[in-house]
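K.L.:
Need a 3D model of the following:
(chains A, B, C and D)
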Protein chains: 2
Amino acid sequence: MDFGAEGDPAHLRGGGGMKAATIRDVAERAEVSVASVSRVLNGAGPVTEATRNKVLEAARALQYVPHSGARSLSTSKTQTIGVILPDLYGEFFSELIRGMDVAARSLGYHLIVSSSHDDAEEASAAIRSMRGRVDGLIVLSPHLDAANLAAGLAGRTPILLMNGGAAAGRPSIVVDNHGGAVLAVEHLVATGRRRIVHIAGPAGNLEAEARLAGYLQAMARAGLPTSVVEGEFTQASGHAAGVALARREPRPDAVFAGNDNMAVGAMLALQDGGLRIPEDVAIIGFDDVPIASLVRPGLTTLRIHIAETGRSALERLVRLINAAGEAVADTACEIVRPELVVRPSSNPATPTEASSVPSNAGERLRALAETPSLKGENS
Amino acid sequence: MDFGAEGDPAHLRGGGGMKAATIRDVAERAEVSVASVSRVLNGAGPVTEATRNKVLEAARALQYVPHSGARSLSTSKTQTIGVILPDLYGEFFSELIRGMDVAARSLGYHLIVSSSHDDAEEASAAIRSMRGRVDGLIVLSPHLDAANLAAGLAGRTPILLMNGGAAAGRPSIVVDNHGGAVLAVEHLVATGRRRIVHIAGPAGNLEAEARLAGYLQAMARAGLPTSVVEGEFTQASGHAAGVALARREPRPDAVFAGNDNMAVGAMLALQDGGLRIPEDVAIIGFDDVPIASLVRPGLTTLRIHIAETGRSALERLVRLINAAGEAVADTACEIVRPELVVRPSSNPATPTEASSVPSNAGERLRALAETPSLKGENS
DNA sequence: CTGTTAGCGCCTTCAG
DNA sequence: CTGAAGGCGCTAACAG
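P.N.:
Prediction:
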């Protein structure tokens, strides 16, 4: 043990002040080559039980941890995927990320998130800055069209589009926003509503526009006059819209908001304006974020299994990554169809006298019926 | 879409099939050395206007994007920081991450998140896997104590602890959970409540335990009998607790939940059980997540400016990173003091007859008063 | 089975 | 001002 007697005090510090050990340090201490160390640590290649032990013991002694950055460089695999999103507000994106994170973990990938890109240029820069640090990208930022995407990538980084603008020929996942909106309107019409207002998402947002289009079409088909208020997908904008609507004459008898965020904001505003939900005004949102079932009355909405969608998106991207070159096969645009979830906020108008009690029986009943879902979604 | 008249068919594909250009490719095309390219692209070092132009133009033609992984290896700076958290459920962590993300962006850092580590071993592995891909770590996972931390790092990766277990001698940020709990109880006592039950967070969670301890101490000081129900920080567990409490005799007149999640769950259960909030039972939570102001009645809680805390945490970590070696100065444990936010859920018991209208005047008033904050928080 | 040798793509002295 | 050369830490052919 000539080398063992070195007595280097720095090593004794247990990783406190020393520079991290490299594979070479381990090799020296174990008196083998770096190749052997690599082989042992990666479980690849033939190794004697003897050297294996020497390496393992040296690695432990040095508290060696492989430098994933260096490894990435030589394998050209980072085991991390990037997610480009518009911002982190609201529950939609956090749910989505949660789903992706779960999938990523189980597939051995890391997640690197990048958000709040105001314009296409900035978003494009963000995606560019990902080169060399991710194996693939999931893009949700609505600012990125096909052109900017192309400008952003030099290489063939696999990309999964989820920003509503299904660029033809690119793997993508889009929600059937139009169809969902139609379902919403049809539900309201079927339950006796006629003066149905739509609180739209921001102009330029493809999802918002598709939902708006669906509303317009369904209303036209029902022979009803349309009315659209502009919103921004935020609770605040929904609230503002609600304030305005509460004063409008004749008062709307239903509100279809472009997403749950705005629906909740509008609901609070309408309630604060003295209107009863759903007796005076029915409300329906879009997305089915967790909060939708927690507000009172519970919010009718179009359910997208958000976390589930995120999980499946990530899995598909990983498949794309592994498929590498010949993945030209997967160029499909997967469509997620929202499902109508009826909650008390859109109950058919009930007799006026019944609505003055804190909670009518019907609502109470539904609330209880919903309870189990809490467990399923949150435990 | 004229990508240049070069006529290279591969390039026309808009980054479709070519392998990404390297710095060497740029150098060759510009007929200079890689060193010059590097200098130009990094704006460092003296360069002739002529070569600078040649390089720039070559880079553009090749759609060159620097490989950040490679750059990291040579500069030993990744410009990304890792966040280790227990899970992504609920609004608390998503708010926190949002705050961090904003700060990271403005400081030129990326964020890599890693969550859902069930035990200390797994969490320790996660943090180990970060070596070489982050410049620093923010640890929120409650499973990691000082020992496991030390075991995880070989080098001197800066770490900011936020898991409630302020390891002495390590930079950390902790919430004054004990003090907050005392505030909660004192508020309830001051408004006439006596049978105050605590829904505690999971045993073993330091935050949960501190809040519990605060509750016990404040109750003792007030000369009141204590009662604790176990929860898990989830809405479901809060709901379950609420169901049990609704049946209890004598009925509690106040519930202090370990966090807002559980408070909301309990509130719904109590309401569904026919109890009125706050007339029959007052409820108070902890954290002040966005949803706290959206449920009805609005939830009284202890406000932690979550996103703000996240932002400041990230900034501090970056400071630590830049301070590099001599940072032994910052070993402090920053304390975040929660602030009591009174909302209708803990209003003093009001006359019974007033409570039968859908919303009493007082609640209505407060709801309106809260509205502006929506704008600030969500726009 | 093991060691040697090239790189991965970039930055950065150090001469010229 | 510019180019050549040596790493950063690791993996992956090759020879032995």
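K.L.:
C-alpha from now on. contacts and neighbour counts both.
P.N.:
Will do.
K.L.:
As a check, name the ranges of all helices in the stretch 1-150 of chain A.
P.N.:
For the stretch 1-150 of chain A, the helices defined by DSSP state H, counting those that start in this stretch occupy A:9-12, A:23-30, A:34-42, A:49-62, A:68-75, A:90-107, A:120-128, A:146-152.
K.L.:
Would you tell me which one of these is buried the most?
P.N.:
Across the helices of the stretch 1-150 of chain A, averaging neighbours per residue (mean count of other Cα atoms under 10 Å in any protein chain shown) puts helix A:90-107 on top, at a mean of 21.
K.L.:
what angle sits between that one and helix B:90-107?
P.N.:
Relative orientation of helix A:90-107 versus helix B:90-107 (axes from the mean of the first three to the mean of the last three Cα atoms, to 10 degrees): 90 degrees.
K.L.:
neighbours of the one residue in the stretch 201-350 of chain A that gets nearest to DNA strand D, just the number please.
P.N.:
Going by Cα to the nearest atom of the strand, DNA strand D is nearest to residue A:322 of the stretch 201-350 of chain A, at 14.3 Å. A count of neighbours around residue A:322, defined by other Cα atoms under 10 Å in any protein chain shown, yields 13.
K.L.:
Looking at the backbone only, give me phi and psi for residue A:196.
P.N.:
The phi/psi pair for residue A:196 (degrees, to the nearest 10) reads phi -100, psi 120.
K.L.:
what does the one 4 residues further on give?
P.N.:
Backbone geometry at residue A:200, expressed as degrees, to the nearest 10, gives phi -90, psi 160.
K.L.:
And it, how close does it get to DNA strand C?
P.N.:
Using Cα to the nearest atom of the strand, to the nearest Å, residue A:200 is found at 43 Å from DNA strand C.
K.L.:
One more: residue A:64?
P.N.:
Between residue A:64 and DNA strand C the computed distance is 18 Å (Cα to the nearest atom of the strand).
K.L.:
ok, now which ones touch that residue?
P.N.:
A:20, A:21, A:22, A:23, A:26, B:154 (Cα atoms under 8 Å, 6 or more residues apart in numbering or on different chains).
K.L.:
Could you single out the nearest of those to residue A:76?
P.N.:
residue A:23 (18.5 Å; Cα to Cα).
K.L.:
Please tell me I have it right and that closest one contacts residue A:34.
P.N.:
Yes: with contact defined as Cα atoms under 8 Å, residue A:23 counts as touching residue A:34 (6.3 Å).
K.L.:
just to revisit the earlier point, with respect to residue B:160, which of the helices of the stretch 1-150 of chain A lies nearest?
P.N.:
Of all the helices of the stretch 1-150 of chain A, helix A:68-75 sits nearest to residue B:160, with 21.1 Å by Cα to Cα.
K.L.:
Please report phi then psi for the closest residue to residue A:36 other than its chain neighbours.
P.N.:
With sequence-adjacent residues excluded and distances taken as Cα to Cα, 6 or more residues apart in numbering or on different chains, residue A:36 is closest to residue A:47, at 7.4 Å. The phi and psi values for residue A:47, taken as degrees, to the nearest 10, are phi -140, psi 140.
K.L.:
what about residue A:47, how many neighbours?
P.N.:
14.
K.L.:
list the contacts for it?
P.N.:
Contact analysis of residue A:47 by Cα under 8 Å, 6+ apart lists A:36, A:39, A:40.
K.L.:
ok, now how distant is residue A:223 from residue A:185?
P.N.:
From residue A:223 across to residue A:185, the span is 12 Å (Cα to Cα, to the nearest Å).
K.L.:
who has more neighbours, the two?
P.N.:
Comparing residue A:223 with residue A:185 by other Cα under 10 Å, the one with more neighbours is residue A:185, at 27 against 10.
K.L.:
Model confidence for the residue nearest to residue A:36, exactly?
P.N.:
Looking at residue A:47, its pLDDT reads 89.
K.L.:
cool, residue A:125 as well?
P.N.:
85.
K.L.:
can you pull the contacts of the residue of the stretch 101-250 of chain A found nearest DNA strand C?
P.N.:
Ranking the residues of the stretch 101-250 of chain A by distance to DNA strand C (Cα to the nearest atom of the strand) places residue A:132 first, at 7.7 Å. Contacts for residue A:132 (Cα under 8 Å, 6+ apart) come out as A:78, B:66, B:67, B:68, B:69, B:70.
K.L.:
How about the fourth one, nearest residue that isn't a chain neighbour?
P.N.:
Spelled out, that is residue B:68. Nearest one to residue B:68, counting by Cα to Cα, 6+ apart, is residue A:132 at 5.0 Å.
K.L.:
And for the last one?
P.N.:
Among residues not flanking residue B:70 along the chain, residue A:73 sits closest, at 6.2 Å (Cα to Cα, 6+ apart).
K.L.:
And the pLDDT for the one you found?
P.N.:
For residue A:73, the model assigns a pLDDT of 95.
K.L.:
OK, contacts around residue A:52?
P.N.:
Contacts of residue A:52 by Cα under 8 Å, 6+ apart are A:37, A:40.
K.L.:
Quick one: end-to-end distance for stretch A:110-121.
P.N.:
The first and final residues of stretch A:110-121 sit 26 Å from each other (Cα to Cα).
K.L.:
Run the chain-centre distance for that stretch.
P.N.:
Taking Cα atoms, centre = their mean, to the nearest Å, one finds the center of stretch A:110-121 at 12 Å from the center of the full chain.
K.L.:
Just list the residues touching residue A:197, thanks.
P.N.:
A:226, A:227, A:228, A:229, A:252, A:254, A:255, A:256.
K.L.:
now with 10 Å?
P.N.:
Contacts for residue A:197 (Cα atoms under 10 Å, 6 or more residues apart in numbering or on different chains) come out as A:185, A:215, A:219, A:225-229, A:245, A:251-257, A:283.
K.L.:
coming back round to it: shared neighbours of residue A:223 and residue A:185, anything?
P.N.:
Common contact partners of residue A:223 and residue A:185 (Cα under 10 Å, 6+ apart): A:194, A:217.
K.L.:
Verify the contact between residue A:186 and residue A:218 for me.
P.N.:
Yes: taking Cα atoms under 10 Å as the definition, residue A:186 is a contact partner of residue A:218 at 6.9 Å.
K.L.:
Neighbour count for the two, which is higher?
P.N.:
Ranked by neighbour count (other Cα under 10 Å), residue A:186 and residue A:218 place residue A:218 first, with 22 against 18.
K.L.:
what about the closest residue to DNA strand D within the stretch 151-300 of chain A, how many neighbours?
P.N.:
As assessed by Cα to the nearest atom of the strand, DNA strand D sits closest to residue A:157 within the stretch 151-300 of chain A, at 19.0 Å. Per other Cα under 10 Å, the neighbour tally for residue A:157 reads 22.
K.L.:
how close does it sit to residue A:131?
P.N.:
In this view, residue A:157 and residue A:131 are 8 Å apart by Cα to Cα.
K.L.:
Poorly predicted segments of chain A, please.
P.N.:
Applying pLDDT under 70 to chain A flags residues A:1-18, A:144-155, A:166-168, A:324-329, A:349-379.
K.L.:
Mind doing that once more with 50?
P.N.:
Filtered on pLDDT under 50, chain A yields the residue ranges A:1-16, A:154, A:351-379.
K.L.:
Show me the strands in it, by range?
P.N.:
For chain A, applying DSSP state E gives strands covering A:80-84, A:110-114, A:136-139, A:159-161, A:172-175, A:196-200, A:228-230, A:254-257, A:282-284, A:301-303, A:333-336, A:339-341.
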